[in-house]
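> below: sequence and its predicted model.
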Amino acid sequence: MTTVRDARNRRAVKEREEGPDLPGVWAAYGVLLQHLRKRAGLNQQQLGDAIGYSLELVASVEQGRRPAKAAFTAAAERVLDAGGVLEVLQDEVDRAKLPRFFRNVALLESEALSRFSYDPLLVPGLLQTEAYAQALLEAHFPPLDEEIIEQRVAARLARQALLARKSPPMVFVFIVEEGALRRFVGSNAVLRQQMEHLMTCAQMRNVELQVMPTARSVHSGLNGPMVLLESMDRRRHVYVDAQGVVSVRSDDDEVSEFWLRYGMLRTQALNTEESSRLIERMAGEL
């Protein structure tokens with residue numbers, strides 16, 4: 001019988017022999033960066049000095065071994081007079097930092113007009129602070145490499161740009177279980193900061209945050225988490241993520257049932273004002 005350890009050992013051997021399975025867009029970005037650097041008459045050290053990054057990092061980005069962050073791209077664009085060709089790749093570079101199973105869902109999200117979600121266990125990723133996300137990923141099992149944790153935290157924070165997207169704006173509704181908000185993640189300071197961040201997000205005009213109180217013992221979300229998306233061409237999708245397994249549905253009849261269920265959830269949860277007051281009280285208790 002194949003064990004987790006056997007699978008992990010085989011993956012390690014493969015990476016030593018063939019190199020890690022890195023996203024192609026990182027390699028494409030690296031080739032383009034190298035071309036622009038050489039066109040500007042700079043070596044890697046000179047480019048690093050000019051944009052405030054180390055020779056090692058510049059080399060790693062050019063070789064496609066590490067992804068460029070937005071600040072790196074902005075600096076490289078300025079120094080190399082790149083005309084925006086690196087910036088147009090940044091979203092794809094960031095998306096490739098996400099776990100492979102989630103990348104197609106992230107693409108659906110990026111093209112949606114609305115996103116409604118129910119989260120029973122944790123604060124949803126789009127509303128997480130950096131410290132909260134870091135604490136969750138550090139608790140992952142099997143343990144993740146520090147560089148992978150850094151990349152996934154960065155990718156999660158980059159996704160949050162959807163909240164402030166202007167053209168077209170996106171509408172969000174988050175229903176979160178009270179128990180998820182009370183789950184001890186990180187420390188009191190981490191949780192307090194997270195509660196304060198939720199209150200800030202709830203004040204955004206395109207964001208509604210509702211809490212499902214623990215006192216509501218039975219409701220229509222007990223089958224598990226769900227995310228409902230409506231695309232720019234008005235197609236509706238539902239995805240469910242459990243233990244890293246993502247299932248996406250777009251059949252009209254099936255999706256319709258989820259939207260009906262979600263509508264009932266909204267009536268069963270606290271309204272937005274009651275939810276904000278509860279979160280404020282919770283923050284004050286920490």
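Arrived safely.

> show me where pLDDT drops low in this structure?
1-21 (pLDDT under 70).

> can you give me the domain assignment for it?
With domains defined by automatic domain parsing, the chain comprises 4-95, 100-128+155-285.

> to Asp145, which of those lies closest?
The closest of the domains of the chain to Asp145 is domain 4-95. By Cβ to Cβ, the value is 10.3 Å. The C-beta positions use only the backbone N, C-alpha and C, and glycine is treated the same way.

> so where do the helices sit in the stretch 1-150 of the chain?
4-18, 24-39, 44-51, 55-62, 70-80, 87-95, 103-110, 130-138, 146-159 (DSSP state H, counting those that start in this stretch).

> for Ile175, which of these is the nearest?
Closest among those, using Cβ to Cβ: helix 103-110, at 17.0 Å.

> now the angle from the closest one to helix 146-159?
20 degrees (axes from the mean of the first three to the mean of the last three Cα atoms, to 10 degrees).

> which parts of helix 103-110 are buried?
103, 105-106, 108-109 (16 or more other Cβ atoms under 10 Å).

> what's it packed up against?
helix 87-95, strand 226-231, strand 236-242, strand 245-249 (3 or more Cβ pairs under 8 Å, 6 or more residues apart in numbering; DSSP states H and E).

> the shortest one: partners in the sheet, and parallel or antiparallel?
Counting by DSSP bridges, the strands paired with strand 245-249 are strand 236-242 (antiparallel).

> now the helices of the stretch 1-150 of the chain as JSON lines including distance to Ala180?
Formatted as JSON lines, the helices of the stretch 1-150 of the chain follow (distance: least, Cβ to Cβ, whole Å):
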{"stretch": "helix 4-18", "distance to Ala180": "28"}
{"stretch": "helix 24-39", "distance to Ala180": "33"}
{"stretch": "helix 44-51", "distance to Ala180": "40"}
{"stretch": "helix 55-62", "distance to Ala180": "37"}
{"stretch": "helix 70-80", "distance to Ala180": "29"}
{"stretch": "helix 87-95", "distance to Ala180": "25"}
{"stretch": "helix 103-110", "distance to Ala180": "20"}
{"stretch": "helix 130-138", "distance to Ala180": "11"}
{"stretch": "helix 146-159", "distance to Ala180": "16"}
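
> run through who's touching the helix or strand encompassing Glu273.
Counting by DSSP states H and E, the element that carries Glu273 is helix 272-285. The contact list for helix 272-285 (Cβ atoms under 8 Å, 6 or more residues apart in numbering) reads 178, 181-182, 192, 195-196, 198-199, 202, 208-211, 213, 269-270.

> of these, just the buried ones, ChimeraX syntax please.
Buried subset of the contacts of helix 272-285, written as a ChimeraX selection, criterion 16+ other Cβ under 10 Å:
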select :178,181,195,198,202,208,209,210,211,213,269,270
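
> show me which of the contacts of helix 272-285 is closest to Pro168.
Nearest to Pro168 among the contacts of helix 272-285: Glu208, at 17.7 Å, using Cβ to Cβ.

> so which of the helices of the stretch 1-150 of the chain gets nearest Leu229?
That would be helix 103-110 among the helices of the stretch 1-150 of the chain, by Cβ to Cβ, at 5.7 Å.

> now that closest one, how far from the chain's geometric center?
Between the centre of helix 103-110 and the centre of its host chain there is 10 Å, according to Cα atoms, centre = their mean, to the nearest Å.

> and stretch 184-203, by the same measure?
17 Å.

> again, but for stretch 230-246
For stretch 230-246, the distance to the chain centre is 14 Å (Cα atoms, centre = their mean).

> tell me the buried residues in it?
For stretch 230-246, the neighbour count (16+ other Cβ under 10 Å) marks 230, 236-239, 241 as buried.

> could you report the neighbour count for Ala71?
11 (other Cβ atoms under 10 Å).

> gap between it and Gly52?
9 Å (Cβ to Cβ, to the nearest Å).

> sorry, back to before: for Asn223, find the nearest of the helices of the stretch 1-150 of the chain.
When the helices of the stretch 1-150 of the chain are compared by Cβ to Cβ, helix 103-110 sits nearest Asn223, at 18.9 Å.

> what's next to that closest one, contact-wise?
By Cβ under 8 Å, 6+ apart, the list of residues contacting helix 103-110 from outside reads 91, 95-96, 98, 115, 159, 162, 227, 229, 231, 237, 239, 241, 246, 248.
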